[in-house]
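**Student:** what's the 3D shape of this:
(6 chains)
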Number of protein chains: 4
Amino acid sequence: MDAALPKRQRIKLQNRQFILDGARKVFAERGYGAATVRDIIRATPLAAGTFYNYFTSKEEVREALNAEMAQALRPRLSEGRAQAATAEEFLSAFFSSVFALKAEVDTGLEAVDLTAGFGDLRSDLENAVARGVFLPLDAGALAAALLAAADEMARRLAKEGGDTAQATAAATLLFLRGVQPPL
Amino acid sequence: MDAALPKRQRIKLQNRQFILDGARKVFAERGYGAATVRDIIRATPLAAGTFYNYFTSKEEVREALNAEMAQALRPRLSEGRAQAATAEEFLSAFFSSVFALKAEVDTGLEAVDLTAGFGDLRSDLENAVARGVFLPLDAGALAAALLAAADEMARRLAKEGGDTAQATAAATLLFLRGVQPPL
Amino acid sequence: MDAALPKRQRIKLQNRQFILDGARKVFAERGYGAATVRDIIRATPLAAGTFYNYFTSKEEVREALNAEMAQALRPRLSEGRAQAATAEEFLSAFFSSVFALKAEVDTGLEAVDLTAGFGDLRSDLENAVARGVFLPLDAGALAAALLAAADEMARRLAKEGGDTAQATAAATLLFLRGVQPPL
Amino acid sequence: MDAALPKRQRIKLQNRQFILDGARKVFAERGYGAATVRDIIRATPLAAGTFYNYFTSKEEVREALNAEMAQALRPRLSEGRAQAATAEEFLSAFFSSVFALKAEVDTGLEAVDLTAGFGDLRSDLENAVARGVFLPLDAGALAAALLAAADEMARRLAKEGGDTAQATAAATLLFLRGVQPPL
DNA sequence: TATGAATGAGGCTTCATTCAT
DNA sequence: AATGAATGAAGCCTCATTCAT
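**Tutor:** So this is what the prediction gives:
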């Protein structure tokens, strides 16, 4: 229980979370570059000076936000992939994770958010290639392409609405078979 | 010849260009959001007030920059694709255009730069699908995936070095055939 | 004539002087260390940002103030001393200069103001010693003692009122003969 | 023994001393005006709020520091002077006390430190004048001159190194006989 | 009594924009 | 048109001080 924590501790954690939440919102609205520390504070019930009891700069908040996201979501992103027996399962798990995740949190972190998962994805891909589940492609390039494409497709999905399951299927198919019609 | 222009006109065009060039540099260095009008002016031989004779905001400069880029590069991007007889030709033309383009200008426009080409690409794709050159996929999603993947792979190429021709071949193959090994 | 200056130039000089005058007053009132740039601006008809068109820090203002004072007052301080034929003339000229000067400007520069005159005084003293007008004393120590004593006596004079001429006579006598009664 | 004090008392005295010591250091480093209460706290193992259990302002600390110094050093400063039979003894005792004292503690109190001794010195001087040991001079002005000169000479001594005994002799001679060569 | 986090005032600096020259 | 200084709003950060624990 949280009630087990001394009150001071609880408030500190809560305030830290106020700042992270405010920052997430502000970064999503204005973009990281244009956001200001004041914007973050204003998105918070806290006083101006309080920010500096927790972070020393906007950059530090960004890092904390990325760490938080990585911690919370990386396992979820990778869980479906590791033991995927086929390329289709792998891709399907990947896209549905990303689409679900992006629907939950839009951090405005300008694609930084997903780079936390880059290393994992790459390892999983290398693994899959080694097992013969994938064609022998450059795992780095493939990871980059998959993440970027997934990120952008998720953005479109968020903006224009659309069915996640269907989008997952389409994306999976695209990367599974490519665009070339059977000869 | 430029000399054909009256001197006043020439100077106006030149100053406008000073500002656009300065802005391109500044946006690339700091990102659009964090850049300031002052930064742009400082990257210019002009005085502060002169900026407002040409543009009224940072945003207007961004638009002009995008228009400039679209005007200069869109034809180049699309030329190879319109009449492509095969999916392979289409993809190869697309990726090599993007990789070459990104090698020339890094605008720091946070992925905005390529959206100018989105509509074109989408039309071309629809066209290609209609001709049966591509599998019947959602042209919008495909355009998004291609642009995002190309952009990210270009970034990797720029950062880590690498051979453009080889990267083009790999990217083409990925989207042509997908990742699934032949059964 | 000032009217000969273009208007912009005139205003720039005037604003610079506003700042220097404001700073002199503020330093005198609060002391250099406790004074703030805002205090200086407030002692001025100018806007906050204008300060930075002229100086980049409080320290720079201090330097300008010292330079201004040195330029204006050093000659006056030394004029009476150089050719003094006797120690009495020398000391009398020195003390009356300092007392007059301190009555005019109280810079609050914490004794920095007079250090500009330290080198001059020391040279004059060495000269005087060489001519046999003074006993052969350490010119550096003597200069330090004279300046510090004069500064402090001037402060007392300013605070408690008193006659400058009389104070000059007393100070001169003290340093001329010392405190020892004739044996 | 300190152990004779109840523990509470001992800790209170110790904390008070922490603050005074921290303040002494901070004032010496930054000057009184520029020093902040936070600076003082940071120079201490104590928490911010604790400061206000002992003092209510920076100014109060300054006063306590001056009192402490006066208490510790005033007797030492005056002991040699009271019964001095000659002006030379008086001056010599005075200068050697000041030079020794300044070598021990540099408070950065911007000349405030010695003013604590001003009253004493003045009384001693009046006394000495009354006994005919000194010429009949204005005791206030003389005290001011002696203290200022001694302070400044001590500063030079500290900065440039030098022999205390020798400096004492020179200073004594200066104020004993003055600068005028015998006619 | 000691602690240390919260507060919001206020200092420092840069910014976008205007406007007299 | 071009210039560049003035303006004051607003961002950044630290401060003195309070007060719940």
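
**Student:** Kindly tell me how buried residue A:180 is, as a neighbour count.
**Tutor:** 17 (other CB atoms under 10 Å in any protein chain shown). Every C-beta, even on glycine, is put in place using the N, C-alpha and C of the backbone.

**Student:** Report the rounded mean pLDDT for the helix or strand containing residue A:89.
**Tutor:** Counting by DSSP states H and E, the element that carries residue A:89 is helix A:87-104. Helix A:87-104 carries an average pLDDT of 88.

**Student:** Just the residues contacting it, thanks.
**Tutor:** A:73, A:76-77, A:79-81, A:84, A:114, A:121, A:124, A:128, A:133-134, A:146-147, A:150-151, A:153-155, A:157-158, A:164-165, A:167-169, A:171-172, A:175-176, B:179-181 (CB atoms under 8 Å, 6 or more residues apart in numbering or on different chains).

**Student:** again, 6 Å this time
**Tutor:** A:73, A:77, A:80-81, A:84, A:128, A:133-134, A:150, A:154, A:164, A:168, A:171-172, A:175-176, B:179-180 (CB atoms under 6 Å, 6 or more residues apart in numbering or on different chains).

**Student:** when you scan stretch A:54-67, is anything in it near chain B?
**Tutor:** No - Stretch A:54-67 lies apart from chain B when judged by CB under 6 Å from any CB of the partner chain; the minimum separation is 10.0 Å.

**Student:** Check which residues of that stretch are buried.
**Tutor:** By neighbour count with 16 or more other CB atoms under 10 Å in any protein chain shown, stretch A:54-67 contains the buried residues A:54, A:55, A:58, A:61, A:62, A:64, A:65, A:66.

**Student:** Quick one, grab the pLDDT at the first one.
**Tutor:** So that's residue A:54. Note on residue A:54: pLDDT of 98.

**Student:** What of the fifth one?
**Tutor:** Residue A:62 is assigned 93 on the pLDDT scale.

**Student:** Next, it: secondary structure please.
**Tutor:** helix (DSSP: H, G, I helix; E, B strand; the rest coil).

**Student:** residues contacting it?
**Tutor:** Contacts of residue A:62 by CB under 6 Å, 6+ apart: none found.

**Student:** so how far is residue B:31 from the residue in chain A that chain B sits nearest to?
**Tutor:** Closest to chain B within chain A is residue A:33: 2.8 Å, counting by CB to the nearest CB. To residue B:31, residue A:33 is 4 Å away according to CB to CB, to the nearest Å.

**Student:** Is there a neighbour count for residue A:45? I'd like the number.
**Tutor:** Neighbours around residue A:45, by other CB under 10 Å: 10.

**Student:** Spatially nearest residue to it (excluding sequence neighbours)?
**Tutor:** Excluding its sequence neighbours, the residue lying closest to residue A:45 (CB to CB, 6 or more residues apart in numbering or on different chains) is residue A:18, at 6.5 Å.

**Student:** Run through the neighbouring helices and strands of the helix or strand bottoming out on mean pLDDT in chain A.
**Tutor:** Within chain A, no helix or strand scores below helix A:112-130, which has a mean of 80 by mean pLDDT, DSSP states H and E. Using 3 or more CB pairs under 6 Å, 6 or more residues apart in numbering or on different chains; DSSP states H and E, the elements in contact with helix A:112-130 are helix A:58-82, helix A:139-160.

**Student:** Which one, of those, ends up nearest to DNA strand F?
**Tutor:** Closest approach to DNA strand F among the helices and strands packed on helix A:112-130 (CB to the nearest atom of the strand): helix A:58-82, 6.1 Å.

**Student:** Can you list the buried residues in the helix holding residue A:89?
**Tutor:** A:87-99, A:101-102.

**Student:** With stretch A:9-16 instead?
**Tutor:** Buried residues in stretch A:9-16 (16+ other CB under 10 Å): residue A:15.

**Student:** mean confidence for it?
**Tutor:** For stretch A:9-16, mean pLDDT rounds to 95.

**Student:** can you tell if that stretch touches DNA strand F?
**Tutor:** No - using CB under 7 Å from any atom of the strand, stretch A:9-16 stays clear of DNA strand F, coming no nearer than 8.0 Å.
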